[in-house]
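In: got a sequence here, can you build the structure:
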Amino acid sequence: MKSESRARSLTKTLTYRVIVIALLAAVTYAFTGNAGETTVITVVFNIGGAAIYYGFERLWDAIEWGKLPIDLGKQLPVMPLDPMEESN
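Out: Okay, the predicted model is just below:
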C-alpha cells in the first residue's frame, strides 16, 4: 500500500483552494457585477474560512472521542518531501 507524500498533499490542497477561490469569485461577480466587491468578498471569505477551519481543527483536537491510541513500539515510515525520491 502506498501513502501520499507531503508534496502531493500540499499540491492537492493548493490546487483545491485555487479552484474554490475562482468559483467563489465567479459566483460573487455574477451576483454583484462589481470587481471591487467581488475581490473584497472573496478575500474576506477565504481569510475568515481559514481562521474558522483552524479553530474547528483545534477544537476537535481537544475532544478525545474517536481517537485511537498510538502504538509507540511501531515506527511509521518516513515519507520524502520530493515524490521523485520515493522508492518502489
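In: and the spatially most central residue of the chain, what element?
Out: Central residue of the chain (Cα atoms, centre = their mean): T13, 4.7 Å from the mean position. Assigning secondary structure by DSSP states H and E places T13 in helix 6-32.
In: next, count neighbours for Y16.
Out: 10 (other Cβ atoms under 10 Å). The way it works is simple: take the backbone N, C-alpha and C, and place the C-beta from them, glycine included.
In: so it versus S9, what's the distance?
Out: According to Cβ to Cβ, to the nearest Å, Y16 and S9 sit 11 Å apart.
In: one more: R17?
Out: 13 Å.
In: remind me which residues of the chain are low pLDDT?
Out: By pLDDT under 70, the low-scoring segments of the chain are 1, 71-80, 83-88.
In: can you pull the contacts of the residue nearest to the centre of the chain?
Out: Listed by Cβ atoms under 8 Å, 6 or more residues apart in numbering, the contact set of T13 is empty.
In: now do the helix or strand harbouring R58 against helix 6-32, angle only.
Out: Using DSSP H and E, R58 falls within helix 35-62. With axes from the mean of the first three to the mean of the last three Cα atoms, to 10 degrees defining the directions, helix 35-62 sits at 140 degrees from helix 6-32.
In: name the helices or strands packed onto helix 35-62?
Out: Judged by 3 or more Cβ pairs under 8 Å, 6 or more residues apart in numbering; DSSP states H and E, the packing partners of helix 35-62 are helix 6-32.
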